[in-house]
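S.K.: A predicted structure for the sequence below; I have some questions about it.
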Amino acid sequence: MSTTDPLQTLRDHRAVLLACEALGWFHMAGKAHPDFLRGHGGQSNAYKYKEWFSALNPDIDAQLSWLSSTVFANGWPSSLTSFWSDFDEGRSKKNIVGLLQAAHAMASGIEKNHPKNASGYLGQDVTHMWRTSPFGHPERNLLAQPPAILQPRGLQTIVDEIARILDKLSQLHSSSCVDVAPWAQWREDAIGAGSVTRQAFLDTLAETRVPNNDVTLWDQSFVAAALFKSAVAGVMLASNMNWQDLKKTTRWRVLTVGVGTKYYEDRAVRIGDWAGAHAQIERFFDDVCRLIEVDLALGGLVYRDGQTLAFTFPGERMDGGAGSVSDSEADDIKKALDEEIDQLGQYLDTPPIVMMSESTRSFIAMTTQLQEARHATRVPLHRSWSVPSALRTDRKGFEREIKNGHTCPVCLVRRNGDWSDKQKTCTLCDKRRRGRLRAWLNDDVQQDTIWISEVADHNDRMALLTLNLGIDGWLDGSEIDGMRAQSIADWRNNKPVLKNRANPIEPQYPMRSMVAELTARVSVFDKEEPLMRGLQDGFQHDSSWEDFFGKVVEDRSSAPKWLSLSDRDKAAWLAHQLFRKNASPGRVHRFWKSAEAFFQQLLGMIRERASAHENRWRVRRLVVKATRADGGSWNDRETYHATWREAPLGLVYRQSTNDFVTITNLARCFDAAESCRVLDGQQIEVTSDTSKSPVSMIITAVEEKIGHLGIYQPIIPLELGPRRFRVLLPLEVADEVARAAATLWEEQFARVWSRLPLRVGLVAFPRMTPFQAVIEAARNIEDDLKQSEETWRVADVRRRDGVACVRWVRLDGESELTCTPTRLPDGRDDAHYPYLSIEGGGLRAPRDFQHPDGRVYRHVSDLRPGDGVRVRPSRLSNVFLDSTARRFAPAEVCYLSEVHERAAVWELVRDVAPSMSALRAALRAIEDARDRWLSESSTRDAQETWLVFVRAVLHDQLGARGAALDSLVDAARTGVLLRALRWQLQVLKQNLEANDD
């Protein structure tokens with residue numbers, strides 16, 4: 001290593017590393033132009049996307065003239081424009097441009113480099129230039145409905161923005177700025193969530209070679225820039241440099257940082273305890289990101305959730321040559337990073353974990369490392385750690401550790417400094433708890449409330465909704481096994497001749513034929529072999545089968561070794577990998593961001609639904625002026641609780657303005673048309689959080705004009721990441737939100753429904769339920785929902801208008817209907833996404849393909865009755881905590897489709913039931929008979945007898961007839977009827993729209 005202080009070396013060259021990252025961000029900017037898409041859509045034009053930088057003023061060499069004089073005297077190209085014109089040349093450049101070539105090749109990795117003359121049939125035309133989600137859902141026809149970047153002068157706007165970004169970078173360099181904050185602000189302005197460049201690149205495509213382009217220009221540009229920055233950092237840390245074969249030999253590592261959150265959840269007495277701890281963890285993660293991405297400029301963030309971060313990191317060259325970071329050097333850097341990251345996390349109660357992968361040319365190992373980090377941090381003190389002390393400022397202004405008082409009820413570690421109050425928190429936990437209040441008063445949060453009393457509905461109940469997406473298998477590439485870049489059958493039909501020879505693949509059984517043909521070829525390497533030249537562009541540039549095989553399968557977490565396989569197994573792996581979609585870093589990045597975007601979209605829907613109410617007071621607050629009857633004073637930022645009109649009324653005092661703000665659901669206090677003035681002059685008894693002794697409050701004035709606190713949304717988001725979304729919301733809208741989540745999932749993930757399950761858990765509880773019980777119930781439900789893969793059998797298949805509707809027989813014997821789109825927006829069959837894993841059996845249809853481990857995947861359109869399919873089902877579970885002990889009871893887990901079935905059953909019941917009293921009586925009768933007659937060992941006759949009784953009760957007491965009666969009896973048979981009625985009547989306390997009660 002070139003220095004004994006590698007981190008200081010990186011800091012000394014921060015400007016160079018960030019400049020290289022910026023060059024990476026913009027290296028494909030010329031693709032953000034409609035003529036680039038038109039040129040790939042059949043409309044030839046003179047546009048040259050690699051010349052976009054000619055519009056830069058001043059040009060790049062003038063703007064970054066200082067760059068080539070800072071380091072790498074012999075490593076810079078003659079012109080910096082080479083970074084933007086030569087990034088995808090076939091031959092590796094013998095300078096730093098070669099590192100960008102390597103980064104670009106790894107970030108894109110478009111579908112195994114299919115030869116253009118063999119895959120041209122896949123391309124879109126200008127009428128249908130679609131951007132899709134990485135799960136196959138069409139999002140936008142870019143030329144028919146062009147985003148801003150594809151409008152006239154769209155690219156020029158970006159060019160002007162790039163010039164501004166580079167000019168600001170040069171100013172920072174010229175000022176010799178050492179402080180990290182200005183550099184961090186520059187980077188945030190350049191590519192942050194609200195930046196012009198980021199949004200523009202997200203709106204358009206990086207590639208147009210396939211009809212379902214799912215990787216955006218931003219995904220490839222950002223990931224390539226992060227890899228490029230890390231590669232340059234590796235060169236900077238090396239003792240000498242070898243500029244040969246950079247594109248072929250450059251590798252990277254993945255750096256993972258994690259913090260265990262279960263410890264903080266377990267110890268949260270109030271929601272503010274968890275929210276405050278979560279906010280502190282998020283700030284710690286932000287600080288780590290700034291350290292890695294800006295301060296050291298060592299890499300880029302490629303994954304983040306509520307527990308873990310993953311960054312690019314310099315690796316060791318594949319040939320072990322100079323100019324890279326060896327394993328021992330990487331360990332030294334990690335040790336230095338450990339110290340700095342520990343310093344950033346000094347106020348955490350538990351230690352962070354830092355892990356580093358082996359050198360690789362893929363991100364697939366990232367998922368395993370993330371899982372290992374989460375597992376390790378389940379043990380709060382998984383290594384030695386100095387737990388931060390509770391401090392108090394003494395009379396002389398010095399901070400002293402608090403060593404007296406009771407143990408803090410939240411952290412159970414620090415003293416609270418007060419022997420008279422066991423419930424008092426220590427100073428650190430109190431700071432976390434009150435941090436939300438400070439942010440709320442200072443308008444540093446969104447309009448979402450922070451008060452559970454504002455979330456509670458008219459029954460004083462609320463719900464914690466937890467949603468999980470099974471995204472891990474997509475991040476590690478295993479679920480991509482079920483997607484095709486192109487089908488062998490389509491390739492064969494569109495390529496009947498290979499170099500003047502007939503294509504040897506048999507059209508009827510193309511997969512079997514492909515494996516047989518490759519088996520006959522893998523023993524002798526011939527770079528001119530027509531079949532391989534027709535399958536992979538890079539084959540002609542390799543020197544052996546072993547080298548080629550390593551590259552083709554290198555994006556797998558458990559890549560098999562060439563020498564350990566038989567010829568047939570080698571052929572099977574090649575046949576699978578050459579036609580499978582590639583788990584490129586750009587696509588993995590898109591998986592992460594798309595899963596997160598799904599939950600973000602759902603959060604917007606939840607805000608809208610929770611805020612919709614017939615009573616305008618539901619989302620409003622009031623300013624209240626009041627005095628104490630005893631003449632005493634109020635405590636600043638203290639919450640006070642009262643009961644008025646038999647409803648809770650909460651207030652928080654603001655000393656700065658000598659008034660209170662209401663913090664409860666005012667729809668329970670006021671009618672919709674009622675004036676808030678009715679509260680004026682009232683005298684009420686209040687208690688505070690610190691004193692339960694009632695105090696008489698005399699209200700002297702009430703106002704609606706309250707500024708930024710006047711309106712709120714009655715939800716509290718607790719966590720939002722790509723794997724999990726938790727939110728507190730009014731119980732009265734929880735069912736509607738669960739159905740909306742299921743519907744949105746069915747729409748966006750219809751092509752991959754069997755491999756990307758949505759798990760929905762709902763914990764309903766009264767407002768005063770301890771938060772610890774609620775969060776523990778949520779975790780138990782999340783564990784219960786993680787059930788294993790199961791086999792469903794096809795009962796019937798109907799194909800119409802580009803949709804395959806399949807009636808399944810599930811593992812529980814009941815039927816379920818799925819509808820999967822099988823047609824692309826341009827009218828062609830979707831031969832890329834809608835495949836399912838078949839249980840048993842061999843290859844049957846031309847589009848069937850087989851994984852080397854024996855699993856067969858079949859297109860949904862080729863299914864037949866009797867086929868067994870491996871499914872990871874989406875599931876639903878809900879529980880009502882009528883007591884805290886209920887959280888220990890086993891949760892009843894059902895299939896997610898039941899969320900719609902329950903709603904349909906309730907609508908039927910509302911239509912037929914004459915009154916609430918009749919409905920309750922019917923429910924009691926059905927439940928009593930079920931308890932008396934049925935058990936787990938009951939015979940079929942007992943079940944039939946009970947259903948006859950149910951039919952009679954529904955007919956006689958509710959008046960159900962005909963199809964409605966049949967549907968309700970069938971719902972009783974499956975258990976949906978009782979589950980729906982119990983939830984609606986006992987938990988939601990629903991009423992019929994018209995009844996005689």
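M.R.: Yep, that arrived. Numbering: from 1, shown residues only.
S.K.: okay, now the sheet partners of the host helix or strand of Val806, with direction.
M.R.: Assigned by DSSP states H and E, Val806 belongs to strand 803-809. Here strand 803-809 has these sheet partners by DSSP bridges: strand 790-800 (antiparallel), strand 815-821 (antiparallel).
S.K.: buried deepest among those strands, which one?
M.R.: Of all the strands paired with strand 803-809, strand 815-821 carries the top mean neighbour count, a mean of 17, counting by mean count of other C-beta atoms under 10 Å. For glycine as for every other residue, the C-beta is placed from the backbone atoms N, C-alpha and C.
S.K.: mind listing what the helix or strand following it pairs with, with the direction of each?
M.R.: Remark: after strand 815-821, the chain's next helix or strand is strand 835-838, criterion DSSP H and E. Sheet pairing of strand 835-838 (DSSP bridges) gives strand 856-859 (antiparallel), strand 868-871 (antiparallel).
S.K.: if we can go back for a sec, out of the strands paired with strand 803-809, nearest to Met605?
M.R.: Evaluated with C-beta to C-beta, these place strand 815-821 nearest to Met605, the distance being 21.6 Å.
S.K.: average pLDDT for the closest one?
M.R.: Strand 815-821 carries an average pLDDT of 97.
S.K.: using CSV, write out every CA atom in that strand.
M.R.: In CSV, the C-alpha atoms belonging to strand 815-821 read as follows (Å, rounded to 0.1, in the frame of the first residue of the first chain):
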residue,chain,number,x,y,z
SER,A,815,-59.4,-22.9,-5.6
GLU,A,816,-57.8,-19.6,-6.6
LEU,A,817,-57.8,-17.6,-9.8
THR,A,818,-54.8,-15.7,-11.1
CYS,A,819,-54.7,-13.6,-14.3
THR,A,820,-51.3,-13.1,-15.8
PRO,A,821,-50.6,-10.8,-18.8
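S.K.: and for Ser688, the neighbour number?
M.R.: 17 (other C-beta atoms under 10 Å).
S.K.: show me what contacts it?
M.R.: Applying C-beta atoms under 8 Å, 6 or more residues apart in numbering, we find Ser688 in contact with 635, 638-641, 695.
S.K.: and it, what are its phi and psi?
M.R.: In terms of degrees, to the nearest 10, the main-chain angles of Ser688 are phi -110, psi 170.
S.K.: is Ala502 in contact with Pro530, as I believe?
M.R.: No - counting by C-beta atoms under 8 Å, Ala502 does not reach Pro530; the two are 9.9 Å apart.
S.K.: higher neighbour count, these two?
M.R.: Pro530 (16 against 9).
S.K.: that one touches Lys495, doesn't it?
M.R.: No - applying C-beta under 8 Å as the test, Pro530 and Lys495 come out as separate, 10.4 Å apart.
S.K.: just the terminal-to-terminal distance for stretch 677-686.
M.R.: End-to-end distance for stretch 677-686, by C-alpha to C-alpha, to the nearest Å: 19 Å.
S.K.: what residues does that stretch touch?
M.R.: Outside stretch 677-686, the residues touching it (C-beta under 8 Å, 6+ apart) are 622, 624, 629, 640-644, 649, 651, 669-670, 694-702.
S.K.: and it, what's buried?
M.R.: Buried residues in stretch 677-686, counted by 16 or more other C-beta atoms under 10 Å: 679, 682, 684, 686.
S.K.: all helices for the stretch 601-750 of the chain, in order.
M.R.: Ranges of helices within the stretch 601-750 of the chain are 731-748, based on DSSP state H, counting those that start in this stretch.
S.K.: can you pull out the strands in it?
M.R.: 623-628, 639-644, 647-654, 659-662, 683-688, 695-703, 716-720, 724-730 (DSSP state E, counting those that start in this stretch).
S.K.: of all the ones you listed, which lies closest to Ile364?
M.R.: Between Ile364 and these, the shortest separation by C-beta to C-beta is 21.6 Å, and it involves strand 724-730.
S.K.: neighbouring strands for the closest one, and are they parallel or not?
M.R.: Strand 724-730 has its sheet partners listed here by DSSP bridges as strand 461-469 (antiparallel), strand 716-720 (antiparallel).
S.K.: which strand or helix spans Gly435?
M.R.: helix 427-441.
S.K.: now do the strands in the stretch 1-150 of the chain.
M.R.: Using DSSP E, counting those that start in this stretch, the strands of the stretch 1-150 of the chain run over 130-132, 138-141.
S.K.: report all helices and strands that the shortest one contacts.
M.R.: Using 3 or more C-beta pairs under 8 Å, 6 or more residues apart in numbering; DSSP states H and E as the contact definition, the elements that strand 130-132 packs against are strand 138-141.
S.K.: what about the strand it packs on, average pLDDT?
M.R.: Across strand 138-141, pLDDT averages out at 94.
S.K.: buried residues, it. List them.
M.R.: Buried positions in strand 138-141, judged by neighbour count with 16+ other C-beta under 10 Å: 138, 141.
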